[in-house]
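Engineer: The following comprises the amino acid sequence and a computationally predicted model.
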Amino acid sequence: MLNLTLARIATTVCAAVSVLATGAELDPRARSGGALTTPLADSNAYAVPAPPLSAQQTQLFALGREAFDQRWVPAPQLGGPWGFGPTANGNKCTVCHEGNGRGPAPEQSGQTLRALLVRLSVAGANEFGGPMPHHDYGDQLNDLGVQDLVPAEGHATVNYTEREVAFADGETITLRAPQIQFEQLRFGAIAPSTMISARLAPPLIGLGLLEAIPEETLLAVAKQQATLGISGRPNYVWDVAAKKEVIGRFGLKANQPNIRQQVAAAFHGDLGVTSDYFPAENCPEVQKECRVLPPGGYPELTTRNIDAIQFFLRALAVPARRNLDDPMAQRGEQLFAQAQCAACHVPEIRTGAYPALPIGAEQAIHPYTDLLLHDMGEALADGRPDFKADGREWRTAPLWGLGLSAKVNGNASLLHDGRARDVAEAILWHGGEAQSAREAFRAMSKRDREALITFVESI
């Protein structure tokens, strides 16, 4: 383990030195992450630390990356830290976040899910105002158990229904809508009244910068949007450590307040690993085998590990914007603004004080998000409230680095459930407050549509 850690640190140092050497002369317009920008545009574009980190920070980043990549096992098995399960969706973070990128959606109907989680809840809210978990399956379906000891809760597959949409010039495009089907359910059928929401693992770049945006800035953006007839609003969620309601930033419905709680929630829900934030195993009363399996520790995710993973995610660099002088990209940027896409996908925003990572403080960044909730229409609705977010609302997704997704891990699925296979499909699914922007895109000439897509993929 020591040699592995030293190797990780050495690799991280070399990566940081390389980034500093190649990124020193970046065009200011390309600095999507301000001081936390990397010029890399290859498979490592989502994986390098922000330049410059101190020696101590570099070591913590490497330890965090190691813990993030670590395979977990159930006690008392060998091959990793104890704590996996008793039920889960994966045994390490990179099952869903390969290369720190977005997870892949199933390519065709009938395929089982890999990085697409299925959230479950029933009517009402829990004691903190969040979704009420299903009484037999909890708040997400876990398709892994412990061999010969704890059964998986069940399995889910996706089936796509397709429809054609025509652009104003007559060209057509096929959109696909996923429907979740359950199989081999261990603890009884899931009632039709159950609220079901498929969620694709998002990319992890720039999380520290998003955490550093002051709350008052987000509220000011919402106020400005209201003058344009756009009803962006923050989600307010429960902060477990602070024991109070605060603004939400992370998750597809902005249902987590900060990186630390997001990490703890993902370990708990996806890997079955407990922490000080979520100390109880996810074992509903009906799951007898789950309830008697001994835990791997108290808690299983130590403070040291969560500290390191939190810093790793805070310090990940953001890829630089590319093709700044490409006429197509420049034309696309104008069209993006004219269609009012920039009203929600805000091009520039400033971070505030950020003691957790001072180099990320007071930076002009270009995430193309407002971190606010917006009504995206019935076609994208999941009908599942999440704290203050209703069943039609989603957080504006950041667009930075989007064009490198396929290079990072071969996957370019978009939207909350991965239904969109490219930028054009993603735009055409927009409804609700974004309907006018969608129709503006649909009315464009083919060349203008290509220009707008070229711009989005250059961000």
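Structural biologist: Thanks, I have the structure now.
Engineer: Name the SS class of the spatially most central residue of the chain, please.
Structural biologist: In the chain, the centroid-proximal residue (Cα atoms, centre = their mean) is Pro202; its distance is 2.7 Å. Classification of Pro202 using DSSP: H, G, I helix; E, B strand; the rest coil returns coil.
Engineer: And stretch 331-343, what's buried?
Structural biologist: Arg331, Gly332, Glu333, Leu335, Phe336, Ala339, Gln340, Cys341, Ala343 (16 or more other Cβ atoms under 10 Å). Glycine gets a C-beta too; all of them are placed from N, C-alpha and C.
Engineer: could those residues be laid out in CSV, adding distance to Ile365?
Structural biologist: Conversion of the buried residues of stretch 331-343 to CSV gives the following (distance: Cβ to Cβ, whole Å):
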residue, distance to Ile365
Arg331, 24
Gly332, 20
Glu333, 17
Leu335, 23
Phe336, 17
Ala339, 22
Gln340, 21
Cys341, 18
Ala343, 18
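Engineer: my guess is Pro203 contacts Cys96, does it?
Structural biologist: No - using Cβ atoms under 8 Å, Pro203 makes no contact with Cys96, being 10.9 Å away.
Engineer: more crowded one of these two?
Structural biologist: Comparing Pro203 with Cys96 by neighbour count (other Cβ atoms under 10 Å), the higher total belongs to Pro203, at 24 against 21.
Engineer: Leu414 versus the more buried one, what's the distance?
Structural biologist: The gap separating Pro203 from Leu414 is 11 Å, by Cβ to Cβ, to the nearest Å.
Engineer: repeat for Pro106
Structural biologist: Taken as Cβ to Cβ, the span from Pro106 to Leu414 is 14 Å.
Engineer: residue boundaries of the strands in the chain?
Structural biologist: Under the criterion DSSP state E, the chain contains strands at 37-38, 116-125, 131-132, 155-166, 172-183, 195-200, 236-239, 244-247, 318-319, 349-350, 364-365, 373-375, 393-395.
Engineer: And the helices in the stretch 151-300 of the chain, which stretches?
Structural biologist: For the stretch 151-300 of the chain, helices defined by DSSP state H, counting those that start in this stretch occupy the ranges 207-211, 215-226, 259-266, 288-292.
Engineer: Highest mean neighbour count out of these?
Structural biologist: Per-stretch averages of neighbours, counted by mean count of other Cβ atoms under 10 Å, single out helix 207-211 among the helices of the stretch 151-300 of the chain, with a mean of 25.
Engineer: next one: that one to chain centre, how far?
Structural biologist: Taking the mean of its C-alpha atoms, helix 207-211 sits 12 Å from the chain's own mean (Cα atoms, centre = their mean, to the nearest Å).
Engineer: same question, stretch 51-63
Structural biologist: Using Cα atoms, centre = their mean, the offset of stretch 51-63 from its chain centre is 24 Å.
Engineer: can you check stretch 348-358 too?
Structural biologist: How far stretch 348-358 lies from its chain's middle: 20 Å, per Cα atoms, centre = their mean.
Engineer: What is the end-to-end distance of it?
Structural biologist: 19 Å (Cα to Cα, to the nearest Å).
Engineer: What of stretch 253-270?
Structural biologist: Between where stretch 253-270 begins and where it ends, there is a gap of 17 Å, by Cα to Cα.
Engineer: now stretch 87-99
Structural biologist: End to end - Cα to Cα - stretch 87-99 spans 25 Å.
Engineer: Can you point out the buried residues in that stretch?
Structural biologist: Neighbour counts over stretch 87-99 (16+ other Cβ under 10 Å) mark 87-99 as buried.
Engineer: Then stretch 375-394?
Structural biologist: Quick answer for stretch 375-394 (16+ other Cβ under 10 Å): 375-377, 380-382, 384-389, 392-394.
Engineer: Leu63 is in contact with Thr302, isn't it?
Structural biologist: No - the criterion here is Cβ under 8 Å, and Leu63 misses it with Thr302 at 11.8 Å.
Engineer: Between these two, which has more neighbouring residues?
Structural biologist: The neighbour comparison of Leu63 against Thr302 (other Cβ under 10 Å) goes to Leu63, with 21 against 15.
Engineer: Apart from its chain neighbours, what residue comes closest to the more buried one?
Structural biologist: With sequence-adjacent residues excluded and distances taken as Cβ to Cβ, 6 or more residues apart in numbering, Leu63 is closest to Ala308, at 4.2 Å.
Engineer: separation between the one you found and Pro81?
Structural biologist: For Ala308 relative to Pro81 (Cβ to Cβ), the value is 13 Å.
Engineer: Those two: who's more crowded?
Structural biologist: Ala308 (21 against 18).
Engineer: That one contacts Gln57, doesn't it?
Structural biologist: No - using Cβ under 8 Å as the test, Ala308 is too far from Gln57 to be in contact (11.0 Å).
Engineer: For Arg321, which non-adjacent residue is spatially closest?
Structural biologist: Nearest to Arg321 is Ala30, by Cβ to Cβ, 6+ apart, at 4.6 Å.
Engineer: need the contact list for that neighbour.
Structural biologist: Thr37, Pro39, Ala320, Arg321, Arg322, Leu324 (Cβ atoms under 8 Å, 6 or more residues apart in numbering).
Engineer: burial measure for the first one, as a count.
Structural biologist: Looking back up the chat, that one is Thr37. Count around Thr37 with other Cβ under 10 Å applied: 26.
Engineer: who's it bridged to?
Structural biologist: Val318 (DSSP bridges).
Engineer: And it, how close does it get to Thr396?
Structural biologist: Counting by Cβ to Cβ - Thr37 and Thr396 are separated by 21 Å.
Engineer: now swap in the fifth one and tell me
Structural biologist: Plainly put, Arg322 is 22 Å away from Thr396 if you go by Cβ to Cβ.
Engineer: okay, these two: which has more neighbours?
Structural biologist: Thr396 (22 against 16).
Engineer: isn't that one right next to Leu371, touching?
Structural biologist: Yes - counting by Cβ under 8 Å, Thr396 does reach Leu371; the two are 6.8 Å apart.
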